[in-house]
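1. how would this look folded up:
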Amino acid sequence: MAAAWTPERPVEIFAGTPPGGGLDRTARTLAAALEANSTVVNIPGDGARRVWASVDSRAGDAHVLCISSPNLTTDYLTGIATFNHASYTPLAILYNEYIAFVTRSDSSYRSAGDLLKRLFAADTARVTVALSTAAGNPNHIALAQVTQHAGGDVRAPVIRVFDSALYAVADVVAGNADIAAVTAASAVDELAAGTLRALAMSSPARLAGAYAQTPTWLELGVACTTGAWRGVHGAHGIGAAQITYWQTALTRATQAASWAHELTRHYWTPLLLTSTALHEHLVREESQMRTMLTELSLIKS
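-> As a prediction, the model looks like this:
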């Protein structure tokens with residue numbers, strides 16, 4: 001049996017988005033809930049892929065945690081990245097975050113129905129959609145599911161990709177894109193300020209707070225419940241004792257009162273997976289993503 005291990009120095013939590021971005025929110029919430037001494041290190045750029053080069057340079061170092069997402073799978077499948085989950089050490093999935101479809105408050109898109117009508121005619125009146133991090137990510141897949149339901153061509157919408165949802169939201173506010181498909185927490189400030197209006201959510205049931213009056217796609221008869229989980233990966237090559245420590249520590253962190261408060265505040269849905277359940281989820285998700293990305297003509301050959 002491997003000897004027990006505990007951190008010997010402060011832990012660094014890497015986030016691939018700037019302060020205030022989606023991965024940064026996860027990192028700071030986790031840092032507050034972890035019992036270990038930790039700091040957040042922001043390494044934005046290249047659609048949240050730049051951060052993984054820093055993780056590569058720390059192989060075998062269990063004092064590095066990196067906030068992860070399904071993009072590790074989708075970026076690999078689409079050929080944007082040469083690395084995937086197997087390149088690092090999966091430690092946990094912490095929660096799921098569903099996708100909000102938002103538009104400017106003065107937009108001609110008054111309802112989700114208006115969006116569906118435009119997506120059906122996307123070959124002649126293209127819809128411009130702002131997304132974060134990369135084409136082919138869960139936000140893009142959610143858009144494709146809605147477009148497919150509308151009867152439109154999933155490849156027809158014009159996609160504008162930004163390094164962070166913060167910038168995708170700002171693009172819609174500036175009037176450059178018609179719609180943003182972003183994680184729910186990313187548009188809350190603009191909804192409160194009245195500069196954006198939410199059309200629909202990809203969640204299985206309505207969310208509270210800012211989205212209490214926003215219908216789900218399911219309510220509207222659209223089979224779209226795609227979300228973007230947030231998790232933690234360690235560097236490649238860390239040992240069994242270190243993996244055991246972090247899986248236990250991350251489980252305890254998600255049981256903290258501060259974590260529960262942030263789940264509610266950021267519209268996060270609990271989804272704790274570690275060990276065998278985590279690996280099974282990643283394998284199953286890769287198969288599902290491969291099918292969806294093939295439909296988008298984004299799969300690498």
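2. what ranges do the helices span in the stretch 201-301 of the chain?
-> 240-253, 257-265, 275-295 (DSSP state H, counting those that start in this stretch).
3. so the last one versus helix 240-253, what angle?
-> An angle of 80 degrees separates the directions of helix 275-295 and helix 240-253 when computed by axes from the mean of the first three to the mean of the last three Cα atoms, to 10 degrees.
4. returning to what we had before: tell me the most buried of the helices of the stretch 201-301 of the chain?
-> Among those, helix 240-253 has the highest mean neighbour count (mean count of other Cβ atoms under 10 Å), at a mean of 18. Placement of C-beta: from N, CA and C, glycine included.
5. ok, back up a step: among the helices of the stretch 201-301 of the chain, which comes closest to Ala187?
-> Closest approach to Ala187 among these (Cβ to Cβ): helix 257-265, 14.2 Å.
6. what mean pLDDT does that closest one get?
-> Over the span of helix 257-265, the pLDDT mean works out to 94.
7. which elements pack onto that helix?
-> Under the contact criterion of 3 or more Cβ pairs under 8 Å, 6 or more residues apart in numbering; DSSP states H and E, helix 257-265 touches helix 22-33, strand 268-273.
8. make it 10 Å
-> helix 22-33, strand 89-104, strand 268-273 (3 or more Cβ pairs under 10 Å, 6 or more residues apart in numbering; DSSP states H and E).
9. could you dump those to a markdown table with mean pLDDT?
-> Converted to a markdown table, the helices and strands packed on helix 257-265 look like this (pLDDT from 0 to 100):
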| stretch | mean pLDDT |
| --- | --- |
| helix 22-33 | 95 |
| strand 89-104 | 98 |
| strand 268-273 | 96 |
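10. possible to save the ones you listed as JSON lines with mean neighbour count?
-> Output for the helices and strands packed on helix 257-265, formatted as JSON lines (neighbours: other Cβ atoms under 10 Å):
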{"stretch": "helix 22-33", "mean neighbour count": "24"}
{"stretch": "strand 89-104", "mean neighbour count": "24"}
{"stretch": "strand 268-273", "mean neighbour count": "17"}
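11. go through the ones you listed and name the closest to Thr294.
-> Nearest of the helices and strands packed on helix 257-265 (Cβ to Cβ): strand 89-104, 20.4 Å.
12. and the contacts of the very next helix or strand once past that closest one?
-> Where DSSP states H and E defines the elements, the next helix or strand beyond strand 89-104 is helix 112-120. Identification of contacts with helix 112-120 by Cβ atoms under 10 Å, 6 or more residues apart in numbering yields 101, 103, 107-109, 111, 124-127, 129, 143-144, 146-154, 156-157, 178-179, 198-201, 214-217, 219-222.
13. buried only: go through those for me.
-> Neighbour counting with 16 or more other Cβ atoms under 10 Å marks 101, 103, 107, 109, 127, 129, 143-144, 146-150, 152, 154, 156-157, 178-179, 198-201, 214-217, 220, 222 as buried within these.
14. list the contacts for the closest residue to His63 other than its chain neighbours?
-> Nearest residue to His63, sequence neighbours excluded (Cβ to Cβ, 6 or more residues apart in numbering): Val11, at 5.2 Å. By Cβ under 10 Å, 6+ apart, the contact set of Val11 is 30-31, 34, 36-39, 62-65, 246, 249.
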